[in-house]
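Trainee: Sequence and predicted structure below; questions after.
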Amino acid sequence: MANDIKSGREILNIFFSEINSLKVPDKEAVAVIARLFKEGKLSDINVSNELAELRKRKQNDKDK
Amino acid sequence: MTKINSVEICGIRGIKNTLPINLAPAKSILIFGDNGSGKSSITDAIEWFYYDKVGHLSIEEIGRNGIEALRNTFLPYENGSYIEIKYSDSKLNCKKEISYKKPSQRLISKVSNSTDDYNQYIAISQNEKLILRYRDLGEFIVKTKTEKLQAISEIIGFEEVTNYKSVLRKAISDLNKVIKIKDFDTQISSKKAQLLEYLNQQVHNDGQYFKAIQDLIAPLKLGITIKEHKDIIAAIELIKQPENKENIALQLSYDKLIADLDGIIKSFDSISDSYKECVKEYLSISKDAEKFKNISLERLLSEGLRILEKGYFTDDKCPMCLQNISREELINDLRSRIAELEVLKTEKEKLLDKISIVSGRITKHIASLETGLNEKSLFVKKESKIKIEISAIKDNFDVASKTLNDISSFTITRKITDSFPVDKTKIQSIIDALKKERAESGIDKKDDIKSSIHIKLELAKERYKEIRPLEKEAEIIKDQVETMETIYAEYIKKQREGINLFLSGISENINELYCYMNPTEKVDKVCLIPLGEKDELDGITIQFEFHGKIVSPPNRYLSESHLNCLGIALFLSSVKTYNKRNQFIILDDVISSFDRNHRLRFARLLSEKFSNYQIFLFTHERDWFEYVASAVKGKNWFITEVTWDYENGVDLRTPLVDLKERIDAKIKALDCSELGNMLRIYLEHILKEICLNLKVKLGFLYNDANENRMSNEMLSELKCKLEDANCDLKNITAIGRLINSVFLGNKTSHDSKYQENISDLTVFYDDIKELQKAFYCDEDTCKTCISIKYYDTAKKEIRCKCGKMAHSWKL
């Protein structure tokens, strides 16, 4: 049993390395979250800013 | 798994001179010492070594996590203090020193091992449970459910998991806020209403749009098929008239103003209701403004509670005002006040969240009205009455925005009401006036079909150009919301799985250990249960079966010593379940609240369940020390005593560790002093254990009297038991000789008229040894007493643990 128990860090590493396989409508948003975690920058402000940037980029792409 | 080979401490706490403790190879250590002799100085040094702080010294008065109190008080200024630990893995050996840095005279610490291996080892060790002190026993049990979750999260390194959960949840909340503020549906429906006006058809996609345009230009017979946006541009090129340019611009201006005002109308009720809700809630909350001011006291109260729970202040009075109040009452009072403030804080945060959404929507309308005031349609007439009215509407929205801003700081002093300062009917009348002015201006050129179609085409093109980006923006953000919600749901699932796995594993262990220490009590199925709704994890509680009923929390049903027992079970379970790097633990005076039976069981638990662990076991209880010492003799334990004096500080000395050795020493030295009493105590020890194992029944006595059974009483009942069980041990002569011995019944030698002499005492001792030999296995690996619990039902024999010693026994 003791060997099955994972630390918080282990769970986080596994989770964020696997989120790209989730069935979601916005894969790029998932990639943003995974990247921020990997860089140690997963915070409220960074997520909000990056998702806003992503929306702006997608809006501009769709407008073309 | 790492164990310790040696510890050397100098100049820390009570340890003035160098104190070497050699445990190679990885021996456990049992230390006896009176209060103040220095046992906990060893624990403090090790705690500081690993965690860079000493918990019970980390109070405000001392500061710097207790480091200021680490150095031995009598140590000369220029001398450094240190602890050096050598391990089973020598790569981890390290010396940690603390000394005064010149010229600042600030205490600084340094470590001798800066290798990656060591740093990694320390980082892992800091997350493991290594030390348990008496004061920590009940700490977990009395925590709130949220604090329990936090404590468990810390044990298994889940604080990060909890933190990231908040980040993900906030991301979803922020996205939903953007959606509410932007109010896409209202904006889009306003513009579609105008598109309907121009094209006379509902338009929801490109196909419907192109068809509607085709129908619009049909009367002009242009011969163009509208399939793409460029076809519309081509059609406009064919029919445009330069003189219509101004009309188109003006019409667009009117339509934009009308659309914006229409958008405000559509969202008006929702904004007005939200505004009123916010103000009403604020007014209700501010009725008890004092209560809300007290939110700022939450930190002070929490710190006070922490100090009391840690036992830094134990007097029965408030540490702030010094008013007399029992510590328990004060703790309960603080807990309830903090819980109340948490509720208020949550209420306040929810209100602020609501306010920010409404404020955002109002700000958006203010911005569109400000832009609207510069529309050219408002400059057609000099001193346009409509312009003045729009400006007044904007000012009223400004008032609403300012009010929300003021109440969000909870410092508003003027009187406010919940009525929304903007008049919806006024906005509608402005819209009607604009429509009338637009119609009267003739800019739509209704009489000129070509111009009229041209104008409508241009307007529709502009309007449609605005709708599509809005729809796309709405789609993009809704996709992000759905994506984040999916991530969050999976995250919660993983968090819960991780916690549940840990809790079920540790619960199994806790229950096993607790029931081992309390086998006859009606407590079972002790487990840690997660709490929370809808897959959210809010906290943890301890639940157990008490006299057949599942109950919680334990504080309500268990005594202090049972709670301490539970605390030990929890600590040891955490060690077993979660410590993956270190295989040693330090138990500093943890059995103080236990009665004798629980102490014995605890000692057996350590010996049976933690035999592969290196244990540092400290106690000031002489009897228990001797019991454990005799149990662990010859089993890779170092047994010692600590003493303290002013000259030398703490010192270790090898004791005559158990009573038997002291007796042997006295007999060898022909020293009668105290020997009689020692022999009586020794006999009582043996008899109590034999009677316990053979379930010899004695008549009930209260409290201490039950503990202090006379030996002759036990011998008599033992003899009866052996007779009843038809055991061949009934024939041993030692029992009879001991019953008849002159040495029994005299608790204090000075009461006795009989003068003990060494020869008689030696004979008495021989009888005791004969009794012991009859009931105890002589195998070095066993040494246990024959016991009912090892009863062989097939052979109807009672045995020792290893089975070498066996006697027939009738149950």
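Mentor: On my side now, so go ahead.
Trainee: Get me the contact residues on the stretch 51-200 of chain B for chain A.
Mentor: B:127, B:153, B:156-161, B:164, B:166-168, B:170-171, B:174-175 (Cβ under 8 Å from any Cβ of the partner chain). (C-beta placed from N, C-alpha, C; glycine too.)
Trainee: Now the buried members of those.
Mentor: Buried by 16 or more other Cβ atoms under 10 Å in any protein chain shown: B:127, B:153, B:156-158, B:161, B:164, B:167-168, B:170-171, B:174-175, out of those.
Trainee: Just give me how far the helix or strand harbouring B:Asp524 sits from the chain centre.
Mentor: Element membership for B:Asp524, per DSSP states H and E: strand B:523-531. Centroid separation between strand B:523-531 and its chain, computed with Cα atoms, centre = their mean, to the nearest Å, is 17 Å.
Trainee: How about stretch B:157-172?
Mentor: Its chain's C-alpha centre and that of stretch B:157-172 lie 14 Å apart, by Cα atoms, centre = their mean.
Trainee: same question, stretch B:189-208
Mentor: The chain centroid and the centroid of stretch B:189-208 are separated by 56 Å under Cα atoms, centre = their mean.
Trainee: Please point out which parts of it sit buried.
Mentor: B:Ser190, B:Lys191, B:Lys192, B:Gln194, B:Leu195, B:Tyr198, B:Leu199, B:Val203.
Trainee: In a markdown table: the residues you listed, plus pLDDT.
Mentor: Shown next, in a markdown table, are those (pLDDT from 0 to 100):
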| residue | pLDDT |
| --- | --- |
| B:Ser190 | 86 |
| B:Lys191 | 87 |
| B:Lys192 | 89 |
| B:Gln194 | 87 |
| B:Leu195 | 90 |
| B:Tyr198 | 89 |
| B:Leu199 | 92 |
| B:Val203 | 89 |
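Trainee: Now for B:Leu70, how many residues are close by?
Mentor: 24 (other Cβ atoms under 10 Å in any protein chain shown).
Trainee: Does it touch B:Phe49 like I think?
Mentor: No: here B:Leu70 does not reach B:Phe49: they are 10.7 Å apart, not a contact under Cβ atoms under 8 Å.
Trainee: element containing B:Lys580?
Mentor: Here B:Lys580 is assigned to no helix or strand, by DSSP H and E.
Trainee: Quick check: it vs chain A, distance?
Mentor: From B:Lys580 across to chain A, the span is 8 Å (Cβ to the nearest Cβ, to the nearest Å).
Trainee: and what of B:Ala489?
Mentor: B:Ala489 is 10 Å from chain A, by Cβ to the nearest Cβ.
Trainee: what about that residue, which helix or strand?
Mentor: B:Ala489 belongs to helix B:449-517 when assigned by DSSP H and E.
Trainee: hey, where'd the helices end up in chain A?
Mentor: A:8-18, A:27-38, A:44-63 (DSSP state H).
Trainee: Adding distance to B:Ser81 and mean neighbour count, write these out as JSON lines.
Mentor: JSON lines is the format used below for the helices of chain A (distance: least, Cβ to Cβ, whole Å; neighbours: other Cβ atoms under 10 Å in any protein chain shown):
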{"stretch": "helix A:8-18", "distance to B:Ser81": "34", "mean neighbour count": "17"}
{"stretch": "helix A:27-38", "distance to B:Ser81": "42", "mean neighbour count": "18"}
{"stretch": "helix A:44-63", "distance to B:Ser81": "43", "mean neighbour count": "15"}
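Trainee: Can you pull the residues of chain A lying near chain B?
Mentor: Neighbours of chain B within chain A, by Cβ under 8 Å from any Cβ: A:1-2, A:4-9, A:11-12, A:14-15, A:19, A:22-26, A:29-30, A:33, A:37, A:42-44, A:47-48, A:51, A:54-55, A:58-59, A:62-63.
Trainee: Nearest residue to the middle of the chain?
Mentor: No chain was given, so I picked chain A. Centroid-nearest residue in chain A: A:Ile33, 1.7 Å away (criterion: Cα atoms, centre = their mean).
Trainee: hmm, I had chain B in mind actually
Mentor: B:Gln150 (1.0 Å).
Trainee: Would you agree that one falls within a strand?
Mentor: No: secondary structure of B:Gln150 (DSSP: H, G, I helix; E, B strand; the rest coil): helix, not part of a strand.
Trainee: Contact partners for it?
Mentor: When contacts are counted by Cβ atoms under 8 Å, 6 or more residues apart in numbering or on different chains, B:Gln150 touches B:Glu159, B:Thr162.
Trainee: same deal with the one 3 residues further on?
Mentor: With contact taken as Cβ under 8 Å, 6+ apart, B:Ser153 is in contact with A:Gly8, B:Glu159, B:Val161, B:Thr162, B:Ile499.
Trainee: Could you report the neighbour count for the last one?
Mentor: Residues contacting B:Ile499 under the criterion other Cβ under 10 Å number 24.
Trainee: residues contacting it?
Mentor: B:Ile499 touches B:Ile152, B:Ser153, B:Ile156, B:Phe158, B:Pro530, B:Leu537, counting by Cβ under 8 Å, 6+ apart.
Trainee: what's the closest non-adjacent residue to B:Ile12?
Mentor: Leaving aside its sequence neighbours, B:Ile12 sits nearest to B:Ala45 (Cβ to Cβ, 6 or more residues apart in numbering or on different chains; 4.5 Å).
Trainee: roughly how far apart are that neighbour and chain A?
Mentor: Applying Cβ to the nearest Cβ to B:Ala45 and chain A gives a distance of 27 Å.
Trainee: Then B:Lys266?
Mentor: For B:Lys266 relative to chain A (Cβ to the nearest Cβ), the value is 23 Å.
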